[in-house]
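> Got a predicted structure here, sequence first:
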Amino acid sequence: MKRTLGLKIDVDTYEGMKKGVPRLLDSLSELAIKGTFYLSMGPDASGLAVLQLLKNPRFLSKMLRSNAPGLYGFKTALYGTLLPSPLIALSFPKLVRRIIAEGHEVQFHAWDHRRWQDGLPRRSEQWIRGWFDKGMTAFRGSTGKDASSFGAPAWLIDDRVLKVAGDYGFEYLSCTRAGRPFLHEGLLIPEIPSDLPCFEELGVKAAGEKILSILGDGGLHVLPVHAEVEGGIWNAHFMQLMAEIKKASYKCSHLHEINDALPGGQLEIRKYGMALLPGRSVPCAV
């Protein structure tokens, strides 16, 4: 596929859903661009991230570099600790319907994003299965259909996750940071990875420059976007970047359109690995 860009838009928090998603919808409408929204359905327990500040110096560095208070807001830092955890997508049924009505794709991202991101290796397979059951039931109730794709929180997976995900009949996954699509070993489900950096990993200026440099060579790429970031204080930078991408004659597509166009029988079968990427605080699947 020549000069094709998939927009993978993750919604991780209550504030991201409430404020970031409407702003992104307005921005994408203005640019006549469609994307794939991966929705967190259940509780926002973002306040639990304070434990990472104590345990992981890289997490503190990331929070300072990305201006986390400006991105996420004060209340988000208290959800799940001093404040109750509000439900994310489940709190905004009209907004979910608006995403769909405006021609965007919606897929399943999470039930409880924070607890997956911080504790997946310690969780049992039973916990993982229950997490999927709650999230997929909520997704079906909100959209009227089953999700056909899963994008793991923080690009964090293990063999148990893929085993459970295989039981849900997903048409494709978007759970890794890799250079090109592949088939997951053992599942033979296509993976459409995010190959471009996030704004909050490198900073808007450096990330924008790197993204445009990579896109200069053409081909198929997937840009990871976060409702809290590109739909928040860095929205103007996102709009500028997408305008530049459109000038470069890129076609912006839903991920399901990319999946439909993949030469399934010719994709490599690969086993994911784990790596700490520049600007991230913990390893993710690559």
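That came through, no problem. Residues are numbered from 1 along each chain as shown.
> ok, and the closest non-adjacent residue to Ile100?
Spatially, and ignoring its direct neighbours in sequence, Ile100 is nearest to Val106 (6.0 Å; CB to CB, 6 or more residues apart in numbering). Every C-beta, even on glycine, is put in place using the N, C-alpha and C of the backbone.
> actually Leu24, not the one I typed
Leaving aside its chain neighbours, Leu24 sits nearest to Gly231 (4.1 Å; criterion: CB to CB, 6+ apart).
> Look at that neighbour and tell me its secondary structure.
coil (DSSP: H, G, I helix; E, B strand; the rest coil).
> Return the residues in contact with it.
Gly231 is in contact with 16, 19-24, 27, 238, counting by CB atoms under 8 Å, 6 or more residues apart in numbering.
> With Ile99 instead?
Here Ile99 is in contact with 21, 25, 37, 106 (CB under 8 Å, 6+ apart).
> Show me the helices in the stretch 101-250 of the chain, by range?
113-119, 125-143, 159-165, 199-202, 204-215, 235-247 (DSSP state H, counting those that start in this stretch).
> CA atoms only: put the fifth one into CSV for me.
Translated: helix 204-215. Taking Å, rounded to 0.1, in the frame of the first residue of the first chain, the C-alpha atoms of helix 204-215 are listed here in CSV:
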residue,chain,number,x,y,z
VAL,A,204,5.8,17.4,20.0
LYS,A,205,8.6,19.0,18.0
ALA,A,206,10.9,16.0,17.9
ALA,A,207,8.1,13.5,17.3
GLY,A,208,6.6,15.6,14.5
GLU,A,209,9.9,15.8,12.8
LYS,A,210,10.6,12.1,13.1
ILE,A,211,7.1,11.2,11.9
LEU,A,212,7.4,13.4,8.8
SER,A,213,10.9,12.0,8.1
ILE,A,214,9.6,8.4,8.2
LEU,A,215,6.6,9.2,6.1
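> re earlier: make JSON lines from the contacts of Gly231 and add distance to Gln117 and secondary structure to it.
Below are the contacts of Gly231 laid out as JSON lines (distance: CB to CB, whole Å; DSSP: H, G, I helix; E, B strand; the rest coil):
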{"residue": "Gly16", "distance to Gln117": "14", "secondary structure": "helix"}
{"residue": "Lys19", "distance to Gln117": "21", "secondary structure": "helix"}
{"residue": "Gly20", "distance to Gln117": "18", "secondary structure": "helix"}
{"residue": "Val21", "distance to Gln117": "20", "secondary structure": "helix"}
{"residue": "Pro22", "distance to Gln117": "24", "secondary structure": "helix"}
{"residue": "Arg23", "distance to Gln117": "24", "secondary structure": "helix"}
{"residue": "Leu24", "distance to Gln117": "21", "secondary structure": "helix"}
{"residue": "Ser27", "distance to Gln117": "26", "secondary structure": "helix"}
{"residue": "Phe238", "distance to Gln117": "23", "secondary structure": "helix"}
